[in-house]
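1. Coordinates for the following, if possible.
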Amino acid sequence: MTWQKLAAKILISAALLGGISAVTLYRAQSREAAIAAEFPPEGQFLTVNRAQVHVYISGAGPDLILIHGASGNARDMTYALAADLEKSYRVIAFDRPGLGWSDPIPEPSLRGQALHLATAAAQLGIENPILVGQSYGGSVSLAWALHAPLKPRALVLISAPSLPWPGPLDMFYRLTDSRIGAALIPPLASAFTPDSYLDATITAIFAPDPVPVGYARAIAAKLTMRRATLRANFAQVNGLRPEIVAQEPLYPQLTLPIELIHGTADTIVPLNIHSKPLSERLPNAHLTVMEGAGHMPHYSHRAETLAAIERAAERSGLRAPLQSP
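-> Predicted structure coming up:
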């Protein structure tokens, strides 16, 4: 092959790749604009260290903070629980850094997120709140209790990763745990992932429980499909296990009331690896096990979840125990 032919092939290949990149960029930008228009912010914004924090506030009473899991936003928690909780509490639901409508932050670790959200909470005049964290949000809640100067009154951890687990993450997350993967996968996913894939993912997260009718729209699930949000979510999940390893030795410092809620059919964060052994280590931890429940018991077992929150309030002295008739 002559150098002229080789040069021509290289130029053609470069042109094709450039065209593909341009199509991907255009499609990702278009879809993101449509998603932003369809699901605008519902709450208010605070500024913490020059980064915006989006927060939804409702109700009146003692402060109760909801912290959502991976790939989500505050609406996942408010849609499930706010209507009941706001009757008795001031409910504060944050979009975690980089997700929903909150800006990413330079230090997106569990500790970094906890300190960031605690600073936002302090701006709202919050003192000694109850923290309710689901899945990854429960891990952030543990970090908050360990590291933030604004101490919680009690923790309610729903299907939360708390201890190191064996084996690697899902292949998709591992592919994003590199400079090339982090650069290439988010724009491709944002541009070309069909709604059917998002629906199938949500079904798998809820399994074996059914997905509530209208759930994806109600929680604005498509917000996760923006490039910056995908990058933030991938980085947070990929960093979770080593951060849990570093956090685990500090758990004996936690003497506040802790309510653990977990389903026996949760295959995403297995009960026997996380909440069950944690409850055996910490005498102040009370475990509620829901037979046959999956990863989303704040939907499938809402009454039991609300009861655990009320129990946390009673155990912390925030409420007097209900009197038996």
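2. can we go C-alpha only for contacts and neighbour counts from here?
-> OK.
3. show me where the stretch 151-300 of the chain has helices.
-> For the stretch 151-300 of the chain, the helices defined by DSSP state H, counting those that start in this stretch cover 171-176, 179-192, 195-206, 215-218, 227-247, 275-281, 297-300.
4. most tightly surrounded among those helices?
-> Mean neighbours per residue, mean count of other CA atoms under 10 Å, is largest over those for helix 297-300, with a mean of 22.
5. Check which helices and strands the next helix or strand after it sits against.
-> Using DSSP states H and E, the helix or strand that follows helix 297-300 towards the C-terminus is helix 302-315. In terms of contacts (3 or more CA pairs under 8 Å, 6 or more residues apart in numbering; DSSP states H and E), helix 302-315 is packed against strand 130-134, strand 154-158, strand 258-263.
6. Tell me the helix or strand right after the strand or helix carrying A34.
-> Assigned by DSSP H and E, A34 belongs to helix 3-38. As assigned by DSSP H and E, the chain's next helix or strand after helix 3-38 is strand 44-48.
7. and L81, helix, strand or coil?
-> Under DSSP: H, G, I helix; E, B strand; the rest coil, the three-state class of L81 is helix.
8. picking up where we left off before, lowest average confidence across the helices of the stretch 151-300 of the chain, which one?
-> Sorting the helices of the stretch 151-300 of the chain by mean pLDDT places helix 171-176 lowest, at a mean of 75.
9. Now do the buried residues in stretch 95-106.
-> Of all the residues in stretch 95-106, those buried under the rule 16 or more other CA atoms under 10 Å are 95-105.
10. I'd like the residues you listed written out as CSV, with pLDDT and secondary structure added.
-> Formatted as CSV, the buried residues of stretch 95-106 follow (pLDDT from 0 to 100; DSSP: H, G, I helix; E, B strand; the rest coil):
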residue, pLDDT, secondary structure
D95, 98, coil
R96, 98, coil
P97, 98, coil
G98, 98, coil
L99, 98, coil
G100, 98, coil
W101, 98, coil
S102, 98, coil
D103, 98, coil
P104, 97, coil
I105, 98, coil
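11. Count the neighbours of Q29 for me.
-> A count of neighbours around Q29, defined by other CA atoms under 10 Å, yields 17.
12. and the gap between the residue nearest to it when sequence neighbours are not counted and L142?
-> Nearest residue to Q29, sequence neighbours excluded (CA to CA, 6 or more residues apart in numbering): A191, at 7.8 Å. Using CA to CA, to the nearest Å, A191 is found at 35 Å from L142.
13. just P108 next, same as before
-> Using CA to CA, P108 is found at 15 Å from L142.
14. More neighbours: which of these two?
-> For P108 versus L142, neighbours defined as other CA under 10 Å are more numerous around L142 (29 against 19).
15. any idea which strand is longest in this protein?
-> Longest strand in the chain, counting residues (DSSP state E): strand 51-58.
16. so I185 touches T176, yeah?
-> Yes. I185 sits in contact with T176 when judged by CA atoms under 8 Å, with a separation of 6.8 Å.
17. Just list the residues touching the residue nearest in space to the middle of the chain, thanks.
-> Geometric centre of the chain, nearest residue: G69, 2.0 Å, by CA atoms, centre = their mean. By CA atoms under 8 Å, 6 or more residues apart in numbering, the contact list for G69 reads 133-138.
18. Need the contact partners of stretch 44-52.
-> The contact list for stretch 44-52 (CA under 8 Å, 6+ apart) reads 53-56, 102-105, 116, 119-120, 123.
19. What's the end-to-end length of that stretch?
-> Chord length of stretch 44-52, first to last residue, is 10 Å (CA to CA).
20. next one: stretch 142-154
-> OK, stretch 142-154 end separation, CA to CA: 10 Å.
21. Could you list the buried residues of it?
-> By 16+ other CA under 10 Å, the buried positions in stretch 142-154 come out as 142-148, 150-154.
22. Let me know the closest of the residues you listed to I273.
-> The closest of the buried residues of stretch 142-154 to I273 turns out to be L142 (CA to CA; 16.3 Å).
23. Three-state assignment for that closest one, please.
-> What three-state DSSP gives for L142 is helix.
24. tell me the contacts of it?
-> The neighbours of L142, taking CA under 8 Å, 6+ apart as the test, are 155, 162.
25. Just the pLDDT at it, thanks.
-> 98.
26. And the residue nearest to the centre of the chain, how far from G125?
-> With CA to CA as the criterion, G69 and G125 are 24 Å apart.
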